[in-house]
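# Provided below for reference: sequence and predicted model.
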Amino acid sequence: MLLKNYHKTLAETPEDIKVYVRDTMHILERLNELLDKKFDGKQKLLAQKLGKSEAEVSKMLNGVQNFTVRTLSKLSAAFGEPIIAVCTEQDHANFEQVKIAGPDVRLCMHVKQGGELKEQNYISSHSLSPSNSDGKGEFA
Amino acid sequence: MVPILQLTLKLSFLIVSFEDITELSSELVRFYSVKLGSDSLCEFEKFDALELIESGHLEERSILYTVLDEMTWRGAKRYFFKPEGAASALPRITALQADKNLHDFGLRLYCVWINENAVVLLNGGIKTTHNPLQCPNVKDHFRRALRIAQKIDRALKDDLIAFSKNGVRVDESFEFDI
């Protein structure tokens, strides 16, 4: 197939655009995951919780609007669960759960207060099933 | 690219054949396109060949192609696509471009979302009006996407075609006009 611009464009896409798309898709996946989990996938129920119209909530959830910290804070409060985690080397970090997603593997880490590793699971992104029988891997 | 010969539709006297875009596909997601009549290029090849000049449009194509690339391992989640009647459009992630496209509505690629593992990529262009049917650049692509989407949807419901990891399964009797 003659796709000269596809390969050229991907090769020349600036790193900040790739990171922007990747982060936006991460957030979209998380938002839709939480919408299913907390509101049975119904934007109407989330809109009621936020006191906004369904159209406004739809824009929040589909990437039409930029995600501001304020918007994510409101959504996080409505869901009652975190949406994003921030990388830090500070000792006081208190991540309950961090997921690192990539093309080949997803690493889910549960970290106690103070940064102590509590539990971690590797999940194959392609098979969408645990990479070994108990779904757990070694911390490298 | 490997042509899939099993599936042909008569579409307003145009024979439509489906092709597997192997360059874009992965174990998780297969991207297809269609070839109309005796065209030498499939619809997505035509879209790819679009000459874009403005930096904003070039950036949009970067975003669009990065989205396609990301879907190869994330899956083609429904919410990554913008619903356009029976068809869909990409990119849905437009926030970065919202303030830059002052003279148009940006780049659109029309497609047919089948499921998280199969997408048919069609053609598109720079959308210049809010209503795609009024835009000289995209109206034909939009109409065609709707018709193809409707026919595929009906054929799926009638179990005349099925998309799987192995490609398209087509009932031998599957042939119709619109």
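All right, it came through fine.
# what's the local residue count around the nearest residue to A:P82 once chain neighbours are set aside?
Among residues not flanking A:P82 along the chain, A:S76 sits closest, at 5.8 Å (C-beta to C-beta, 6 or more residues apart in numbering or on different chains). C-beta here means a position set from N, CA and C on the backbone, and glycine is covered the same way. Here the count is done by other C-beta atoms under 10 Å in any protein chain shown, and A:S76 has 16 residues near it.
# assign A:S76 to helix, strand or coil.
A:S76 falls in the helix class when you classify it by DSSP: H, G, I helix; E, B strand; the rest coil.
# so what's it scoring on pLDDT?
Looking at A:S76, its pLDDT stands at 94.
# where do the strands of chain A begin and end?
Using DSSP state E, the strands of chain A run over residues A:98-101, A:105-111, A:117-124.
# how many other residues sit next to the residue in chain A that chain B sits nearest to?
Here the residue of chain A nearest chain B is A:M1; by C-beta to the nearest C-beta that distance is 3.4 Å. Residues contacting A:M1 under the criterion other C-beta under 10 Å number 18.
# hmm, B:S25 and it touching each other?
No: at 10.9 Å, A:M1 does not count as touching B:S25 under the criterion of C-beta atoms under 8 Å.
# any idea which element B:F163 lies in?
Using DSSP states H and E, B:F163 sits within strand B:161-164.
# which strands or helices does the very next helix or strand once past that strand pack on?
Beyond strand B:161-164 on the C-terminal side, the first helix or strand identified by DSSP H and E is strand B:167-170. The contact analysis (3 or more C-beta pairs under 8 Å, 6 or more residues apart in numbering or on different chains; DSSP states H and E) places strand B:167-170 against strand B:2-11, strand B:161-164.
# ok, B:L121 - how many residues close by?
Burial of B:L121 is recorded as 23 neighbouring residues (other C-beta under 10 Å).
# let me know the pLDDT of residue 135.
Let's take chain A. According to the model's per-residue confidence, A:G135 sits at a pLDDT of 40.
# correction: the question concerned chain B.
B:C135 carries a pLDDT value of 94.
# C-terminal to the helix or strand of chain B with the lowest mean pLDDT, what's the next element?
The element with the least model confidence among the helices and strands of chain B, by mean pLDDT, DSSP states H and E, is strand B:2-11, at a mean of 52. Towards the C-terminus, the helix or strand next in line after strand B:2-11, according to DSSP H and E, is strand B:14-20.
# that following strand pairs with which strands?
Under the criterion DSSP bridges, strand B:14-20 sits next to strand B:2-11 (antiparallel), strand B:30-36 (antiparallel) in its sheet.
# dump that strand to PDB, keeping only the CA atoms.
As requested, the backbone C-alpha atoms of strand B:14-20 are provided in PDB (Å, rounded to 0.1, in the frame of the first residue of the first chain):
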ATOM      1  CA  LEU B  14     -19.500   0.700  -8.000                       C
ATOM      2  CA  ILE B  15     -17.900  -2.500  -6.900                       C
ATOM      3  CA  VAL B  16     -16.300  -2.000  -3.500                       C
ATOM      4  CA  SER B  17     -13.600  -4.300  -2.400                       C
ATOM      5  CA  PHE B  18     -12.100  -4.300   1.100                       C
ATOM      6  CA  GLU B  19      -8.400  -4.300   1.700                       C
ATOM      7  CA  ASP B  20      -6.400  -5.000   4.800                       C
END
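# in it, what counts as buried?
By neighbour count, with 16 or more other C-beta atoms under 10 Å in any protein chain shown as the criterion, the buried positions of strand B:14-20 are B:14, B:16-20.
# quick one, helices of chain B?
The residue ranges that make up the helices of chain B, judged by DSSP state H, are B:43-48, B:55-74, B:139-157.
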